[in-house]
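Visitor: Sequence and computational prediction follow.
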Amino acid sequence: MRVLVTGASGHVGGAIAARLAEAGMDVVALSRRAAAGVATFSFDIGVPGAADAIVAAIPRCDAIIHAAASLEKDLYAPAIPLTNCLGTQEMLRLASIWGSGGFVYISSVPVIGAPRELPITEDHPTCPPTAYHASKLYGEQLVRLAARDDFAAASFRITSPVGPGMPDNRILSAFVRQAMAHQPIRLAGHGTRRQDYVDVRDIAIAVERCLSGAIGGLYNIASGRAVSNEELARRCIETLGSRSTIEFNGNVDPEEGVVWDVSIQRARERFGYSPQFDLESSIRGVAADHANRHRE
C-alpha cells in the first residue's frame, strides 16, 4: 500500500510516517521540511489547484493521512482558512482524483471547547475556542461529507500529543528539562488541571489499524487516563530519578480544576485501539531527545 502523509516532518505526522514505513507501507511525505526516512515532496496545499499539482508530481497513493495544519490561533491569520480549510478540501479532492480507498484526518479533542460532559465522547457538543480549532471542526465536516461506501474517511480527535520528537514549548517538555537539571518544577494555581496525554506512537498505531481495517467515522484517540499538572511533575521526577522539587509560583491557572477525561471506547470497539505507551515511556522518550540534542 502506498500512503501519502501530509505534515510528515511534524511531531504527529512524523510518528505516523515512521510507523507506516515500519509496517511495510510505501510512505510518501508531503511537508515543508524533509521528513526522516521517507521520500518528501514540498507543496503549498492551501492554494486552489494544489491537488492537480500533486497528481502531476506524485504517483497515485492508496490512502492519505492528513496531519498538516497551521497552528495559528489568531482569528484573522490567513493560514487558517488557506492551509487548514482549503488545504483539507484539496487533500480530499486529491483522494477523489486518485480513487484512494482511505483517508485519515488528524483533528483535536479541544474542538469541543471546555468539557461539559464527562467522560468526553465523540458526541460531546462542540464550541471551538480558537480559529485553529474552528478550522479543525470544519475539516471534520468535510471528511464526513466525503465519506462513501468505497472511501473510508475517518477523523481522529487527538488529545495532547507527547513522546519522542515533541516540541520544546510543551508542558511535558519543560517539566522533563527541569527534572533532568534537578531544578524546581514550578506550577501555576494548585496544579489541579487534568489533561490526557497520548503518545504519538499510539496515534500512529491507531492510524495503521484504521487503514488496515478500512474504517471510517469520528474517533477520540487518547490515552484514556487524565493526569493533573502536579501528578505530571511528580511522575517526571520519579521516572527520571530527579532531585527536583515541586513548587507553586502563585500565578492563577485559568483552567484550574478542568478535567479532560476522554473516552476511547468507540475506537477500542471499532478497530481495537488500545494504547501501548504509558506516560513513563513518553517521559523517557522526551528525555532521550533532550539528552541527544544536548550532546550535539
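Guide: Nice, I can see it. Residues are numbered from 1 along each chain as shown.
Visitor: Isn't residue 118 up against residue 259?
Guide: Yes. Here residue 118 reaches residue 259: they are 6.5 Å apart, a contact under CB atoms under 8 Å. Just so you know, the C-beta spots here come from the backbone N, C-alpha and C atoms, and that holds for glycine as well.
Visitor: What pLDDT does the model give residue 222?
Guide: Listed pLDDT for residue 222 reads 98.
Visitor: Can you pull the poorly scored residue ranges out of the stretch 151-296 of the chain?
Guide: Counting by pLDDT under 70, the stretch 151-296 of the chain has low-confidence residues at 294-296.
Visitor: Please enumerate the helices of it.
Guide: Along the stretch 151-296 of the chain, counting by DSSP state H, counting those that start in this stretch, helices occupy 171-180, 200-212, 229-239, 265-271, 279-295.
Visitor: Reformat those helices as CSV; add distance to residue 38 and mean neighbour count.
Guide: Formatted as CSV, these follow (distance: least, CB to CB, whole Å; neighbours: other CB atoms under 10 Å):
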stretch, distance to residue 38, mean neighbour count
helix 171-180, 25, 20
helix 200-212, 13, 23
helix 229-239, 31, 20
helix 265-271, 24, 16
helix 279-295, 20, 16
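Visitor: With respect to residue 96, which of these lies nearest?
Guide: helix 200-212 (17.6 Å; CB to CB).
Visitor: Summarise which helices and strands the closest one is packed against.
Guide: Packing contacts for helix 200-212, counted by 3 or more CB pairs under 8 Å, 6 or more residues apart in numbering; DSSP states H and E, involve helix 11-22, strand 63-66, strand 102-108, strand 152-158, strand 160-162, strand 217-221, helix 265-271.
Visitor: what angle do the longest one and strand 152-158 make?
Guide: Relative orientation of helix 11-22 and strand 152-158, computed by axes from the mean of the first three to the mean of the last three CA atoms, to 10 degrees: 130 degrees.
Visitor: ok, then the element right after helix 11-22?
Guide: The element immediately downstream of helix 11-22 (helix or strand, assigned by DSSP states H and E) is strand 26-30.
Visitor: Export the helices and strands packed on helix 200-212 as CSV, with columns for distance to residue 123.
Guide: Listed next are the helices and strands packed on helix 200-212 as CSV, based on distance: least, CB to CB, whole Å:
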stretch, distance to residue 123
helix 11-22, 24
strand 63-66, 23
strand 102-108, 15
strand 152-158, 12
strand 160-162, 21
strand 217-221, 9
helix 265-271, 9
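Visitor: who wins for proximity to residue 190 among those?
Guide: strand 160-162 (19.6 Å).
Visitor: now the closest one: how far from the chain's centre is it?
Guide: With CA atoms, centre = their mean, to the nearest Å as the basis, strand 160-162 stands 7 Å off its chain's centre.
Visitor: Run through who's touching that strand.
Guide: The contact list for strand 160-162 (CB atoms under 8 Å, 6 or more residues apart in numbering) reads 11-12, 170, 172, 195-200, 203, 260, 279, 282, 286.
Visitor: between these, which is nearest residue 184?
Guide: Residue 184 lies nearest to residue 172 out of those, by CB to CB, at 16.5 Å.
Visitor: quick one on the thing from earlier: closest to residue 98 out of the contacts of strand 160-162?
Guide: Comparing the contacts of strand 160-162 against residue 98 with CB to CB picks out residue 12 as the nearest, at 22.7 Å.
Visitor: What is the burial count for the closest one?
Guide: The local packing of residue 12 (other CB atoms under 10 Å) involves 26 other residues.
Visitor: Test for you: state the pLDDT assigned to it.
Guide: Note for residue 12: predicted pLDDT of 97.
Visitor: Do I have it right that it meets residue 104?
Guide: No. Here residue 12 lies out of contact with residue 104, judged by CB under 8 Å, at a distance of 11.2 Å.
Visitor: quick one on the thing from earlier: among the contacts of strand 160-162, find me the one that's closest to residue 51.
Guide: residue 12 (22.2 Å).
Visitor: check contacts around the closest one.
Guide: Shown in contact with residue 12 (CB under 8 Å, 6+ apart): 67, 106, 158, 161, 200, 203.
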